[in-house]
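**Student:** okay, predicted coordinates and the sequence, questions at the end:
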Amino acid sequence: MPRAWLLVIVLTAGCTTATEPTPSAEAAGIVGGILHAGVVVSEDDPPELAQWLLDPQFSMPHPFARCCLVRTLLSYEGRAIEEGGAELRPDIAEAMPEVSADGLTWTFRLRAGLRYAPPLEDREIVARDFITALERTARVSDLGHSDVVEGMREYRDRTAGTISGAQAPDDRTLVIRLTEPRGDFGHLVALPLFAPIPAEALEVHDEQYGGFLVASGPYMVEGAESLDHSDPEATPIGDLDELALVRNPSWSRETDPLRPAYVDRIEIRSVPERGEAALDAIAQGELDVLMPHMLSRTRAEIVADPELRPRLRDAPLSTLFYVPLNLALPPFDDVAVRRAFNAVVDRNALLATFDPVRGSAFVPAAHAFPDVAVGGLLRDYVPGGHPAGGGDAEAAREIMAESAYDADGDGRCDGEACMVVGNRFRPTTDTALGIIEANLAELGIQVEWVDEPSMFDPAGRIGLMAVLGWTAQYPSANDFVGLITDPQPGDNFNQSLIGATPEQLEEWGYPVTEVPSLDDKIGTCRVRSGSAAFECWAELDQLLSGQVAAWVPIASSVGSWLISDRVDRFEIAGSEAVPALERVSLFPEVAP
């Protein structure tokens, strides 16, 4: 499975960011109370949804992992991106790792004395437990994030009995060897699937571990202290509406600098995907927050309601919707045509046509990667200086006049090359396709839409696709580079064919012999970490957006949450765009 998921077009109209009120001066000192969290469920969700939500190897994103149930070697503070919410910090590791000069060996030193929650409260968290987690990932999960660890694939294929690249020379030292330098490996070890697992908890209940989860964070699942991990007949935690998180007595604030864990208890209940039950429950104070997001179709009502609007919170998500252009086919082999298309597309009109989806609102996207993926460094960057909403036909025709495909300099494409084939990629609406057609017509380009089942095959010779979406699972643009590297037959996500070799282009029957490549810059960025990585990815974004213009960014996502009037302090974790439940505090009158 790829590191990021390809999304269907699921957008609604643009949003207005609500004003964030300042928490009361007493908020930082308020500890206690019961937080009521709702989880949206659909008719298609399995009966054992609670087990799936709790399983660190399956649920991505995991709404209760980083905040509450598990700690990882490195992690994040549950704060907004602009407040450092995407910056890695030591968690179970006592400091940032030592990385070898070649970038292949990462050595972590663990904090001493950390223990698991009951019933394993006497069990210390040791380095071997992270290897156990990697082994379980290989056995039960198709998430590919850990494949960069040397020997991971061989262990998964059962051609090796151990993961050669994961070693624990002593209880407090973990050494991980990679197959290639990856500066973002720190972000990978912050994923829940890298959280430690005591081997004794898997002896009987390997596949059902979500229902037998042994917590390492500030909270544990209520009732987990009575689970018998050695009993094959033991009943796992399984009812979502009876799920509650309570304090883990093995945890302490003194040994966890990232999680203040204000509330004493988090009670969880399911909310139907359809209808207004979630909004009503929050407005009436029966629920305090919805996980992972509120229902987007109710957002307009909230913005219009003077009583509810002050309780609306927004945060950027790591999702991009875009139209990829095939750089190996005329007329998109000319950068002037691609830049003109970027200027003429009316993003605001497109957003108004997209179908609403649970949990998100949307804003026009000006550049290649979401702000989260580049650490928020390009919030004000708009390639070419055009309005972020696009739709500037006059400016677009001026750019088009620079193209060799505009023979008479009138800002319109001339000749057979101006007839292109586009893949409509359902469920893009007919109205949205009509807007794209009209925008291209301003440049003299006509498009014929087809339903092409082999849309990910480079030999398909499709000029453009409308409209694709991609979301990263951790805050780094490295989780987007599959869109601009290594075009391959079959499941190819690089529809623009950036970096294709002359031999590949000839094999696939293209008329051009070369296309732009960003491999060198990508290689530089992939080995960098921390702020240097964000700076490098931001530079790559500007190359991709301003000089290559390989696709037309349409929209980025904004997650929206409504909170009850019981909530005082509330923050959204920028690293994963979910409420930072460990930082929620309640007003004094509702705290014990």
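**Tutor:** Thanks, I have it.

**Student:** ok, which stretches of the stretch 101-250 of the chain are helices?
**Tutor:** Remark: helices assigned in the stretch 101-250 of the chain by DSSP state H, counting those that start in this stretch are 128-140, 152-156, 185-189.

**Student:** list the buried ones in the longest one?
**Tutor:** Within helix 128-140, the residues that qualify as buried by neighbour count (16 or more other Cβ atoms under 10 Å) are Arg128, Asp129, Phe130, Ile131, Thr132, Ala133, Leu134, Glu135, Arg136, Thr137, Ala138, Val140. Glycine gets a C-beta too; all of them are placed from N, C-alpha and C.

**Student:** the last one contacts Gly210, correct?
**Tutor:** No. In this structure, Val140 is not within contact of Gly210 by Cβ atoms under 8 Å, at 10.1 Å.

**Student:** residues bridging contact with the two, i.e. touching both?
**Tutor:** Both Val140 and Gly210 are contacted by Phe58, under the criterion Cβ atoms under 8 Å, 6 or more residues apart in numbering.

**Student:** per-residue confidence at the residue lying farthest from the centre of the chain?
**Tutor:** Distance from the centre of the chain peaks at Asp408, with 45.5 Å (Cα atoms, centre = their mean). For Asp408, the pLDDT comes out at 95.

**Student:** spatially, what comes nearest to it if we skip its sequence neighbours?
**Tutor:** Counting by Cβ to Cβ, 6 or more residues apart in numbering, Asp408 lies nearest to Asp414, which is 6.6 Å off, once chain neighbours are set aside.

**Student:** now do that neighbour against Arg339, distance only.
**Tutor:** 18 Å (Cβ to Cβ, to the nearest Å).

**Student:** of the two, who's got more company?
**Tutor:** Arg339 (25 against 16; other Cβ atoms under 10 Å).

**Student:** ok but that one is inside a helix, no?
**Tutor:** Yes. Counting by DSSP: H, G, I helix; E, B strand; the rest coil, one finds Arg339 located in a helix.

**Student:** quick one, what contacts it?
**Tutor:** Pro383, Gly384, Ile399, Ala549 are the contacts of Arg339 under Cβ under 8 Å, 6+ apart.

**Student:** of all those residues, which two lie farthest apart?
**Tutor:** Across the contacts of Arg339, no pair lies farther apart than Pro383 and Ile399, at 11.3 Å, counting by Cβ to Cβ.

**Student:** show me which of the two is the more surrounded one.
**Tutor:** Ile399 (25 against 20).

**Student:** okay, the helix or strand containing the more buried one in CSV with CA atoms only?
**Tutor:** Taking DSSP states H and E as the criterion, Ile399 maps to helix 393-400. As requested, C-alpha coordinates have been extracted for helix 393-400 and formatted as CSV (Å, rounded to 0.1, in the frame of the first residue of the first chain):
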residue,chain,number,x,y,z
ALA,A,393,-8.0,34.7,-18.4
GLU,A,394,-6.2,37.9,-19.5
ALA,A,395,-3.0,37.0,-17.6
ALA,A,396,-3.2,33.4,-18.8
ARG,A,397,-3.4,34.4,-22.5
GLU,A,398,-0.3,36.7,-22.0
ILE,A,399,1.6,33.6,-20.8
MET,A,400,0.1,31.4,-23.5
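
**Student:** in it, which residues are buried?
**Tutor:** Here helix 393-400 shows Ala393, Ala395, Ala396, Arg397, Ile399, Met400 as buried, counting by 16+ other Cβ under 10 Å.

**Student:** name the next helix or strand downstream of the helix-or-strand element of the chain with minimal mean pLDDT, please.
**Tutor:** The helix or strand of the chain with the poorest confidence is strand 5-7; it has a mean of 37 (mean pLDDT, DSSP states H and E). Per DSSP H and E, the first helix or strand lying C-terminal to strand 5-7 is strand 34-41.

**Student:** quick revisit: how about TSV for the buried residues of helix 128-140, with distance to Val263 added?
**Tutor:** Below are the buried residues of helix 128-140 laid out as TSV (distance: Cβ to Cβ, whole Å):
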residue	distance to Val263
Arg128	33
Asp129	27
Phe130	29
Ile131	33
Thr132	30
Ala133	27
Leu134	32
Glu135	34
Arg136	30
Thr137	31
Ala138	36
Val140	32
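
**Student:** how about the strands in the stretch 101-250 of the chain?
**Tutor:** Assigned by DSSP state E, counting those that start in this stretch, the stretch 101-250 of the chain shows strands spanning 105-109, 166-170, 173-177, 219-221, 244-247.

**Student:** contacts only, for Val149.
**Tutor:** Leu134, Ile163, Gly165, Ala166, Ile176, Arg177, Leu178, Thr179.

**Student:** again, 7 Å this time
**Tutor:** With contact taken as Cβ atoms under 7 Å, 6 or more residues apart in numbering, Val149 is in contact with Leu134, Ile163, Gly165, Ala166, Ile176, Leu178.

**Student:** would a markdown table of the buried residues of helix 128-140 with pLDDT and distance to Arg569 be doable?
**Tutor:** Putting those into a markdown table (pLDDT from 0 to 100; distance: Cβ to Cβ, whole Å) gives the following:
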| residue | pLDDT | distance to Arg569 |
| --- | --- | --- |
| Arg128 | 98 | 37 |
| Asp129 | 98 | 32 |
| Phe130 | 98 | 32 |
| Ile131 | 98 | 37 |
| Thr132 | 97 | 36 |
| Ala133 | 96 | 32 |
| Leu134 | 96 | 36 |
| Glu135 | 96 | 39 |
| Arg136 | 95 | 35 |
| Thr137 | 93 | 34 |
| Ala138 | 92 | 40 |
| Val140 | 88 | 37 |
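
**Student:** closest one to Val584 out of those residues, please.
**Tutor:** Using Cβ to Cβ, these come closest to Val584 at Ala133, 27.4 Å.

**Student:** report pLDDT for the spatially closest residue to the closest one that is not a sequence neighbour.
**Tutor:** Nearest residue to Ala133 in three dimensions, chain neighbours excluded: Ile197, at 4.6 Å (Cβ to Cβ, 6+ apart). Predicted confidence (pLDDT) at Ile197: the value is 98.

**Student:** please apply the same query to Pro47.
**Tutor:** 65.

**Student:** Gly14 now?
**Tutor:** 32.

**Student:** check Pro427 too.
**Tutor:** We have a pLDDT of 68 for Pro427.

**Student:** then the one 3 residues further on?
**Tutor:** Per-residue confidence (pLDDT) for Asp430: 90.

**Student:** do Thr179 as well
**Tutor:** For Thr179, pLDDT reads 96.
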